[in-house]
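>>> this is a predicted model, with the sequence first.
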Amino acid sequence: MAAQKSLTVCLPRFSTCYSLSRFCSKLKHLDLTSCVSVTNSSLKGISEGCRNLEYLNLSWCDQITKEGIEALVRGCRGLKALLLRGCTQLEDEALKHIQNHCHELVSLNLQSCSRITDDGVVQICRGCHRLQALCLSGCSNLTDASLTALGLNCPRLQVLEAARCSHLTDAGFTLLARNCHELEKMDLEECVLITDSTLVQLSIHCPKLQALSLSHCELITDEGILHLSSSTCGHERLRVLELDNCLLVTDASLEHLENCRSLERLELYDCQQVTRAGIKRMRAQLPHVKVHAYFAPVTPPPAVAGSGHRLCRCCVIL
């Protein structure tokens, strides 16, 4: 087992993690996703013998607390990717330990770690300047202070997922965009306070942007889409744009998006001012684009005797 470098484990007990520590000293990649038996003692065992770990996935290992993270990072200082989705007991103190020991960290996922606050994110940003991918989706306590810390400390950031962070505003994203010019993917779903101003800043400062989710950002209008589509990223890079439930977006936005020659996928569910005719006109200019839209029928589709279950016309992917 000494040559083992990558391993996915299901339902390990402490004895399993102890064996990994004892016999797999060269292990670099370990995936323990949804291994609910993993505890702080398990991480202590791993840290004592698997000091070459670079990638560790602990998603949904919900028994882990700050004590386990502290033990882990003291031994595994070379971690480059740490995935902690659904580790709901983690608090800011855990991020302080990561910041103190994991200076090589490139990717960190904190999805649904709902106890995390700005203080924890600020700690991470100050100690992990190489960070390229950060997921904060579902961390509902965060404010613009977290975006400010990212902008001032993490210029290499390429991926930011901040879905359902409903306190973030244009001011925070303005500072972020002006300092993080490498951004390629942003998930801002349900960042309900942002307006076209955020899109203006992204258009000016983030020329590498390829994928952007603005679903349920109900203050976004055609004007913001115009700025995005007229920018360098719009002309050359933008491949995916999600606008579900953007109620102020109309067919005018589709006309603007005709400038986005690299666009591959457009999400328009429940955009009530977008029409079939508008989509048809856009796809005449961009025939390769997959458009996902929903149009509620005026009346339910008629039943056809003996036909069994049918998809109604509103569920067709255009």
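That came through fine.

>>> quick one, strands of the stretch 101-250 of the chain?
Remark: strands assigned in the stretch 101-250 of the chain by DSSP state E, counting those that start in this stretch are 107-109, 133-135, 159-161, 185-187, 211-213, 240-242.

>>> where does pLDDT dip in the protein?
For the chain, applying pLDDT under 70 flags the ranges 1-15, 296-318.

>>> same thing but 80
1-19, 21-24, 295-318 (pLDDT under 80).

>>> quick check: phi and psi at the closest residue to residue 71 other than its chain neighbours.
Computed as Cβ to Cβ, 6 or more residues apart in numbering, the closest residue to residue 71 that is not its neighbour in sequence is residue 44, at 4.1 Å. The C-beta positions use only the backbone N, C-alpha and C, and glycine is treated the same way. For residue 44, the backbone dihedrals are phi -60, psi -40 (criterion: degrees, to the nearest 10).

>>> residue 72 now?
Per degrees, to the nearest 10, the backbone of residue 72 is at phi -60, psi -50.

>>> contacts only, for it.
Residue 72 makes contacts with 43, 44, 46, 47, 56, as judged by Cβ atoms under 8 Å, 6 or more residues apart in numbering.

>>> endpoints of stretch 135-151, how far apart?
Stretch 135-151 has an end-to-end distance of 15 Å (criterion: Cα to Cα, to the nearest Å).

>>> and for stretch 214-231?
End-to-end distance (Cα to Cα), stretch 214-231: 17 Å.

>>> do stretch 270-288 as well
Stretch 270-288 end-to-end distance (Cα to Cα) = 22 Å.

>>> and stretch 44-60, how far apart are its ends?
Terminal-residue distance, stretch 44-60 (Cα to Cα): 18 Å.

>>> quick check: buried residues in that stretch?
44-51, 53-60 (16 or more other Cβ atoms under 10 Å).

>>> and if you look at stretch 67-80?
Under 16+ other Cβ under 10 Å, the buried positions of stretch 67-80 are 67, 68, 69, 70, 71, 72, 73, 75, 76, 79, 80.

>>> thinking again about what came up before, tell me which of the buried residues of stretch 44-60 is nearest to residue 279?
Using Cβ to Cβ, residue 59 comes nearest to residue 279 of the buried residues of stretch 44-60, at 36.8 Å.

>>> still on that earlier bit, which pair in the buried residues of stretch 44-60 spans the largest distance?
So for the buried residues of stretch 44-60, where distance means Cβ to Cβ, the most widely separated pair is 51 and 60, at 24.8 Å.

>>> neighbours around the closest residue to residue 178 other than its chain neighbours, how many?
Computed as Cβ to Cβ, 6+ apart, the closest residue to residue 178 that is not its neighbour in sequence is residue 205, at 5.3 Å. Burial of residue 205 is recorded as 18 neighbouring residues (other Cβ atoms under 10 Å).

>>> tell me what the helix or strand harbouring residue 19 is packed against?
Assessed by DSSP states H and E, residue 19 sits inside helix 14-23. Other helices and strands packing on helix 14-23, by 3 or more Cβ pairs under 8 Å, 6 or more residues apart in numbering; DSSP states H and E, are helix 40-49.

>>> between the helix it packs on and helix 14-23, how big is the angle?
Calculated by axes from the mean of the first three to the mean of the last three Cα atoms, to 10 degrees, helix 40-49 forms an angle of 10 degrees with helix 14-23.

>>> can you list contacts of helix 40-49?
Residues from elsewhere that reach helix 40-49 (Cβ under 8 Å, 6+ apart): 12-14, 17-18, 20-25, 30, 53, 58, 63-65, 67-69, 71-76.

>>> let's go with 6 Å and repeat that
14, 17, 18, 21, 22, 25, 67, 68, 71, 72, 75, 76 (Cβ atoms under 6 Å, 6 or more residues apart in numbering).
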